[in-house]
Every structure is written in C-alpha cells, then in structure tokens.
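Visitor: I would like to see how this sequence folds:
(one chain, ligands or ions: 1)
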Amino acid sequence: MQFMGESNAHYYSRREPFGEAGDFITAPEISQMFGELIGLWLADMWIRAGRTEPAHYVELGPGRGTLARDATRAMKRYGLEPRQHLVEGSVALRSEQLKQVPEAQFHDDLSSVPMEGPVLLVANEFLDALPVRQLVMTDHGWREVMIGLDGEDRFVEVPGQVPMDSAVPEARRDAPSGTVIETCPGAAATLFEVAGRLVKQGGAALFIDYGYATSRNGSSVQAVRAHRKVDWLAEPGVADISAHVDFAQCAAVAQSRGARWLGTTEQGAFLKALGIDARAEALANFAPQHREALMAARDRLTLPTEMGSLFKVLALAAPDWPEGAGF
Ligand code: SAH
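Guide: Numbers count the residues shown, from 1 in each chain. A predicted model of the protein is given here:
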C-alpha cells in the first residue's frame, strides 16, 4: 500500500501524465462531450432539487482541468454557476487546472470545502489512483502483501510477518492458499466523507472509474507507461499505478453514512442515456470537418469494446434529492 501511495505521489508531482504524448488518456481528454454531459447531469439534479444557492462544484483529482472547464460551460447554460473547488495534491497539476478554471479554489482534501450549500461533486479516475492494501492467504494464514527486494535488488511481493486474519471479514476468511483480497482504505474514506457532506448540505456526486460492479478476489493492480501496461514494481514513480475500483463496496460505505445510492451503471449506457448521440450529431453538423473525429470519440467513450463497459458510473445524492437521470 505504501509502495503504491509513494509511487503515485511522485508520479503526479513530476510531470503531466495525460494525453497522446503522456502515459494514458482519460475520458474528458477524449472529447468535450464527456464533461458537458456531466455538467448537464449536475445541473439537472440541482434544478429538480430546488436550485439552492450557493452551490459548490467540487472535483477530486481534476487532472488538466478539462472536465471542470467543460462541465462549467454546460452548467452555465442552465443557470447554474457554482463556486469551483478543486481537490488536487499535485502542485504541477494545480497550475494546469488554473488555466482552465481561473476562479477555482484549491484544496488538499475535502475538509476545507465550505459547509454551507449543496455539493455537486465529480471524481473521474480519482479512486483508481489511491493505494490499495492486499492481504494474501498463506500456509500460515492471512498476511499483508508487502514489497521487498530480491537477491538482485529488484522489488518483489513478499508476505508480511504479522498475522492478519482478524482484518479479513469472517465470511471470506476460509479461502485457498494464494487467495488475494484487495481493499482501498482511501476510497472508503473518500466515499464516507462525501456521503456525510451530501447528507448534511444536500447535493449529488458522480464517481467514474474502471472497476467492478460487484466485489471479487484477486489483485487488480496494474501500471501504465506510454499507453502500455508495464510491470508495476519495475519503475516506481515513473509509471502510473492504479487498481480496479470496487463499486459495491463504495456504494455500501456511502449508504452506511446515510447518503442515497442512485445506482451504478456502465459509462456507455450512462452517456447514451444523457444523449451523447444527439450531442455528437449537433457538434458534427456545426463543424462537418470534425464529424469523423467526433463519432470516433463518441465510440471510444461508449462502445463495450472500448471504455463503455469497463468504466462504471456511481451516483449518490442527499436523502431528499431526486433520482438521477441515466440510472
Ligand atoms: N480526473 C482527471 C485526472 C485523473 S488522474 C481526468 O479524468 O483526466 C488522477 C488525479 O488524481 C490527478 O489529478 C492526481 O494528481 C490526483 N490525485 C491522485 N491521488 C491524489 C490524492 N491522494 N489527493 C489528491 N489528488 C490526488
């Protein structure tokens, strides 16, 4: 867990990882349609909930600020001009984000976001960057997966010395040797915190990431560099390390704090329900020279063979807020 945490802290502080020239491309960087439809979803929620002011747009891990910029533009069309709060750990990325949303206030975590007024929160590919903790069943019981060095000074996974059986829920304790259970304390803490804010202040939240709709065993840690999967132990701080998000667990944590879980759906279905086809068509009619690129971007975001199925969207709201479009 510490290995992944420190590697990513270094990774995001060092340089710009996104885009064709970087290591990976995220949905808002593929097309403006992504951020616009998210903005539309938030505006629709806010309007149907009674247009309470002041509203706060909060984004966790905003990358280059592209989603915030596109969502802000869409919200404005519906009379929603929330204050903008960006929760970002990387100083290098903060300066990028400021170029896109000059009015934004920056936060190290949620605690400094104002406590008055509804929170409209988005986190795209944020939870997958948070470090996971893995437990492995050995011949001597459950142990934490630690990182050590082999004879040639290469990083390798090794089971820890301390018995961890009590950290494994009883129902999952009896498992064959080699079984791995992965948890993400940072994701659980984030969901708990966000749910608490929604209950107290009103609002709605979207968590978009790649992951499972139902919990499963096994390691899901992977590393990407220059658009290729690489050994996650080989280049700490240089490759982006991420893990699948356990959306069932996220929903359970949020509900335990009293927030409403509006549902978890696939990104493709979500974007289609919000009208990405019509939006792509409208943009293509406006700029016919970009028709092919627009349709390709739409396909990349929605097709099951691309990002459409692997990526999920989890929506939460305050208990007295309405149902969400697309769920
Ligand atoms: N949402 C963006 C970027 C995703 S990459 C997009 O879709 O393009 C992950 C983002 O989360 C980066 O902005 C990274 O700096 C930020 N991040 C990762 N760990 C964080 C942490 N512990 N606290 C705050 N921000 C973090």
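
Visitor: mind checking which helix or strand the residue of the stretch 151-300 of the chain found nearest the ligand is in?
Guide: Nearest to the ligand, among the residues of the stretch 151-300 of the chain, is G186, at 6.6 Å (C-beta to the nearest ligand atom). Where C-beta positions appear, they are placed from N, C-alpha and C, glycine not excepted. In this structure, G186 sits in helix 185-201 according to DSSP states H and E.

Visitor: picking that back up, tell me, how many residues neighbour the residue of the stretch 151-300 of the chain closest to the ligand?
Guide: 17 (other C-beta atoms under 10 Å).

Visitor: sorry, back to before: kindly export the next helix or strand after the helix holding G186 (C-alpha atoms) in PDB.
Guide: The helix or strand immediately downstream of helix 185-201 is strand 203-212, counting by DSSP H and E. Taking Å, rounded to 0.1, in the frame of the first residue of the first chain, the C-alpha atoms of strand 203-212 are listed here in PDB:
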ATOM      1  CA  GLY A 203     -26.100  17.700  -3.300                       C
ATOM      2  CA  ALA A 204     -25.100  14.900  -5.600                       C
ATOM      3  CA  ALA A 205     -22.000  13.100  -6.600                       C
ATOM      4  CA  LEU A 206     -20.700  11.100  -9.600                       C
ATOM      5  CA  PHE A 207     -17.700   8.700  -9.300                       C
ATOM      6  CA  ILE A 208     -16.500   7.400 -12.600                       C
ATOM      7  CA  ASP A 209     -13.800   4.900 -12.900                       C
ATOM      8  CA  TYR A 210     -12.800   1.500 -14.200                       C
ATOM      9  CA  GLY A 211     -13.800  -1.300 -11.900                       C
ATOM     10  CA  TYR A 212     -16.200  -4.000 -10.700                       C
END
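
Visitor: which non-adjacent residue is nearest D44?
Guide: Once flanking residues are discounted, D44 sits nearest to A325: 5.6 Å by C-beta to C-beta, 6 or more residues apart in numbering.

Visitor: List the residues that contact the one you found.
Guide: Applying C-beta atoms under 8 Å, 6 or more residues apart in numbering, we find A325 in contact with 41, 44, 273-274.

Visitor: Tell me if it really is in a strand.
Guide: No: using DSSP: H, G, I helix; E, B strand; the rest coil, the secondary structure at A325 is coil, not a strand.

Visitor: For it, give its distance to the ligand.
Guide: Between A325 and the ligand the computed distance is 21 Å (C-beta to the nearest ligand atom, to the nearest Å).

Visitor: Also P17?
Guide: 7 Å.

Visitor: tell me the contacts of that residue?
Guide: 11, 23-24, 240.

Visitor: could you pull out the strands for the stretch 1-150 of the chain?
Guide: Ranges of strands in the stretch 1-150 of the chain, per DSSP state E, counting those that start in this stretch, are 56-60, 83-87, 105-107, 119-124, 133-138, 141-149.

Visitor: what's the pLDDT at F24?
Guide: Turning to F24, the model gives it a pLDDT of 88.

Visitor: Can you report how many residues lie near it?
Guide: Counted with other C-beta under 10 Å, residues neighbouring F24 total 16.

Visitor: So what's the predicted local confidence for R14?
Guide: On the pLDDT scale, R14 gets 67.

Visitor: Check the one 4 residues further on too.
Guide: The predicted local distance difference test score for F18 is 83.

Visitor: coming back round to it: okay if I get the contacts of P17 as a markdown table plus distance to the ligand?
Guide: A markdown table is the format used below for those (distance: C-beta to the nearest ligand atom, whole Å):
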| residue | distance to the ligand |
| --- | --- |
| Y11 | 8 |
| D23 | 10 |
| F24 | 8 |
| D240 | 8 |
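
Visitor: tell me the two of the residues you listed that are most distant?
Guide: Within those, Y11 and F24 form the most distant pair, 11.3 Å apart (C-beta to C-beta).

Visitor: From the contact count, pick out the helices and strands touching the strand or helix carrying V224.
Guide: Using DSSP H and E, V224 maps to strand 222-225. On a contact count with 3 or more C-beta pairs under 8 Å, 6 or more residues apart in numbering; DSSP states H and E, strand 222-225 meets strand 228-230, strand 240-242.
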